[in-house]
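K.L.:
the amino acid sequence is not available; the structure is as follows:
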Ligand SMILES: [Fe+2]
């Protein structure tokens, strides 16, 4: 399994507080069968791609020293912001520094008006945006079909394993299931922040994913597509479909 959304870099954001935690996260990942982890710190906490890459190199060395056989690759979680419009492509963090795919999150409670413009601008720079955990955004919980717009625009969707497992409540779990069954999701990742509460729980979610979408699709979400993203080319196999809300019928009886 390949986990492409984690806050495993020590001491840079609200993820691993120190090296010890980061190593514990790596050991936990290894035990669960995760072979590769992308370090995706919040870019607003460490807004310097070269520094992130350097810190990833340092962590790789620590993992080698500790004999943890999980590969760490560089990435970042961008914040949906107009400032991205002014950045040169080479300064924008992309997975494994390939210049092909970036991870970008939106505010939880509102999709900004300028989102479409920023996403389009990233695409003109040759970068495909991957929307981080939209199933957690209020607007998407209200209308899961919002994801279709982003997919149509050429973006990809990353879902959190915690959402699949119900860690963020029933509404988000239900939204996650809707999006999965409508093929709106291209990868699932942990968004792991530590070794306890928000750990790298992708292997746990994999079991649940298999019951929702079957084994082949589950593997695509945790292994095949993430691998493609790291190599710079992923071709999702299935077209997404629109979610049609089941209509409720109310019967009234007049006597
Ligand atoms: Fe995150």
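P.N.:
Noted; the coordinates are in hand. Computed from a prediction, not measured in an experiment: that's the story for all the values here.
K.L.:
contact partners for residue 5?
P.N.:
38, 40, 77, 103, 132, 133, 158, 160, 189, 190, 191, 192 (Cβ atoms under 8 Å, 6 or more residues apart in numbering). C-beta here means a position set from N, CA and C on the backbone, and glycine is covered the same way.
K.L.:
do that again at 7 Å, thanks
P.N.:
Counting by Cβ atoms under 7 Å, 6 or more residues apart in numbering, residue 5 makes contact with 38, 40, 77, 103, 132, 158, 189, 190, 191.
K.L.:
spatially, what comes nearest to it if we skip its sequence neighbours?
P.N.:
The shortest distance from residue 5 to any non-neighbouring residue, by Cβ to Cβ, 6 or more residues apart in numbering, is to residue 189 (3.6 Å).
K.L.:
how close does that neighbour get to the ion?
P.N.:
The gap separating residue 189 from the ion is 9 Å, by Cβ to the ion, to the nearest Å.
K.L.:
neighbours of the residue of the stretch 1-150 of the chain found nearest the ion, how many?
P.N.:
The ion sits closest to residue 77 of the stretch 1-150 of the chain, with a gap of 4.6 Å, by Cβ to the ion. Other residues near residue 77 come to 27 when the count uses other Cβ atoms under 10 Å.
K.L.:
ranges for the strands of the protein?
P.N.:
Secondary structure of the chain (DSSP state E): strands at 2-6, 36-39, 71-74, 77-79, 101-105, 128-132, 156-160, 187-189.
K.L.:
using TSV, please lay out the ones you listed together with distance to residue 58.
P.N.:
TSV is the format used below for the strands of the chain (distance: least, Cβ to Cβ, whole Å):
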stretch	distance to residue 58
strand 2-6	16
strand 36-39	11
strand 71-74	10
strand 77-79	19
strand 101-105	21
strand 128-132	24
strand 156-160	26
strand 187-189	22
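K.L.:
first-to-last residue distance for stretch 63-72?
P.N.:
Stretch 63-72 has an end-to-end distance of 9 Å (Cα to Cα, to the nearest Å).
K.L.:
what is the rounded mean pLDDT of it?
P.N.:
Stretch 63-72 comes out with an average pLDDT of 98.
K.L.:
same thing with stretch 78-98?
P.N.:
Across stretch 78-98, pLDDT averages out at 97.
K.L.:
buried sites along stretch 92-107?
P.N.:
92-96, 99-106 (16 or more other Cβ atoms under 10 Å).
K.L.:
then stretch 215-222?
P.N.:
217, 218, 219, 220, 221, 222.
K.L.:
against residue 9, how distant is the third one?
P.N.:
Between residue 219 and residue 9 the computed distance is 27 Å (Cβ to Cβ, to the nearest Å).
K.L.:
the ion contacts on this protein?
P.N.:
Taking Cβ under 5 Å from the ion as the test, the list of the chain residues beside the ion reads 77, 191.
K.L.:
next up, the contacts around the most centrally placed residue in the chain.
P.N.:
The residue lying closest to the centre of the chain (Cα atoms, centre = their mean) is residue 158, at 3.8 Å. Contact analysis of residue 158 by Cβ under 7 Å, 6+ apart lists 5, 103, 130, 131, 132, 133, 187, 189.
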